[in-house]
Each structure stands twice: as structure tokens, then as C-alpha cells.
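Visitor: test case, fold it:
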Amino acid sequence: SPTKTKSPTKAPTDLRFWELKSGSWGNPLKCEITDDELCVTDGAGNYGKGERCIYIALRDMILTSSGYFETDRSRNGEYDKIIIREKFYFTDLDGKHNFPTSLTLAAGDTVRWFSDGFSENAGYRLCASSVTNTLSPTKSPTKEMATSAPTPKKSTEKQRKRCIVLKNRAKKNKMIKIKASYVTWMKACNKIPTERQKKCKANSKKKRSVLAKRVANKAKSGIKNCNIKWG
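Guide: Below you'll find the predicted structure:
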């Protein structure tokens, strides 16, 4: 007979990064905590209309955009957005309001997600990591531990190449998502009145071009950082 295995024990509350609180309307199933409770996301596929999510940080953390961050384009975040400490993060033309490379959050900070009732895009996946390594609770830090910086790992060619591979892989995955979104946009254009289809398709092509250029520039910058860090 097959061997029965025990269900994994849920992590203690003091080890979790997030608590989820959903808003007053929208689909609560689209507010998710994933990856062993490290990441918050709107779920698989494009986000829906009228979503409201509130995530509370339970620990100090470093927050990064992992995999994708794409909202409906706007100038001032009037459509879809992530809000942290009253600052808006969203997709715009010049990239000034895109989610940063990393962001430090304190315990009690909130990450809020809002989507309007119109366009749907890839959405977000934001992942947390510890700010510092936690010392054993039975030991007190010595003066030397408090003042000495950790010894950096030796840079190697293998690490540099691995870094570049990961950046190119991320670029490829994002390009695939852009292509899939473009197909969806073009199908939507075919359903509107004929006199508006030409402009709709032109806007879709322009949007695809802008997103692809942004991804390419970000990948180029990431590879440059790989060469600086591991070169």
C-alpha cells in the first residue's frame, strides 16, 4: 500500500513575512501570498477588474519585483497601481514610476494593490527577503560582530556567467508575456467597429514596442551590473 506522508508544518507566525487583508470589492482570490509566503501577487495570468488587495509586512524586509511588474500605462497612477507609504508604483512611458530594483520595508508597512474597471495587464509579483541575517536568540552580539562587516564572497567567472544567464532568462520570459499580451490586444481590436480598428492596432503595436524596449534596456543594465559585481 502507498506510504502516507505527513503534511508540512506551517511556519510559525514570527517567521512569516506577510499577512493578507482583501478590500471591500473585487476578487479576493486574486490576492495571493505564494512561494512559501515570501511573495505577494495578483495570481496567474493578467489581473482582473476592480481588484483591491492589502498586504501587511510582518517583518523588516527587502522587497523586489520578481518575474514581472506591468500595469495599465498612465501618467499619474490614475488607473492601476501598487501603493507603499503613499507612493504610487505603476507602468508609465519613461519608467520613472516602475517598481524599483529593491525597496526596504519595516514591520507594519502595507503594500496596497488597486486595479480599475478597464484594462488588464500582467500585474505584479513582489518577493521579500530578510534585511539581515538573524542572530541566534541565545547569543548576544559582541562588539566585534557589531562593527565588523561580513567578508564578501570571492568573485568568480562562474558567478558572473550565471548572473548573465539569469538576466537573459528573465528578459526572454518577459518578452513572451509581452507577445501574449499583444495577441490579446489585437484580438480585442478586431472586435471593435471597423473605423476604429486601425488606430487600435497602431496603439497596440506602439505599446508592444515601448514595453519591449524597456525590457531590453533593463536586461542590458542587469548584465552590466553582473560584469561590475563579478568581473
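Visitor: least trustworthy helix or strand in this protein by mean pLDDT?
Guide: helix 143-147 (a mean of 42; mean pLDDT, DSSP states H and E).
Visitor: following element in sequence after that helix, please.
Guide: Moving toward the C-terminus from helix 143-147, the next helix or strand (DSSP states H and E) is helix 157-189.
Visitor: distance from the chain centre to that next one, please.
Guide: Computed by CA atoms, centre = their mean, to the nearest Å, the chain-centroid distance of helix 157-189 equals 14 Å.
Visitor: show the average pLDDT along whichever helix or strand comes after it.
Guide: Next along the chain after helix 157-189, taking DSSP H and E as the criterion, comes helix 194-230. Here helix 194-230 scores 87 as its mean pLDDT.
Visitor: same question for stretch 102-120.
Guide: Mean per-residue pLDDT for stretch 102-120: 87.
Visitor: contact partners of it?
Guide: Residues outside stretch 102-120 that contact it (CB atoms under 8 Å, 6 or more residues apart in numbering): 26, 31, 40, 42, 46-64, 71-72, 79-85, 124, 126, 128, 131. Using the backbone N, CA and C atoms, a C-beta is placed for each residue, glycine as well.
Visitor: in PyMOL, how would I select the buried members of the residues you listed?
Guide: The following PyMOL line selects those of the contacts of stretch 102-120 that are buried, judged by 16 or more other CB atoms under 10 Å:
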select buried, resi 26+31+40+42+46+47+48+51+52+53+54+55+57+58+59+60+61+63+64+71+72+79+80+81+82+83+84+124+126+128
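Visitor: out of the contacts of stretch 102-120, which sit inside strands?
Guide: Using DSSP state E, the members of these that fall in strands are 40, 52-57, 61-64, 81-84, 124, 126, 128.
Visitor: any idea how far the nearest residue to residue 70 once chain neighbours are set aside lies from residue 182?
Guide: Beyond its immediate neighbours in the sequence, the residue positioned closest to residue 70 (CB to CB, 6 or more residues apart in numbering) is residue 122, lying 3.9 Å away. Distance from residue 122 to residue 182, counting by CB to CB, to the nearest Å: 12 Å.
Visitor: those two: who's more crowded?
Guide: Taking other CB atoms under 10 Å, residue 122 and residue 182 do not tie; residue 122 has more neighbours (21 against 17).
Visitor: okay but that one is in contact with residue 184, surely?
Guide: No: assessed by CB atoms under 8 Å, residue 122 is found out of contact with residue 184, at 10.8 Å.
Visitor: quick one: common contacting residues for the two?
Guide: Common contact partners of residue 122 and residue 184 (CB under 8 Å, 6+ apart): residue 46.
Visitor: tell me where the model's unsure across this structure.
Guide: Scanning the chain with the threshold set as pLDDT under 70 gives 1-14, 23-29, 119, 133-155, 229-231.
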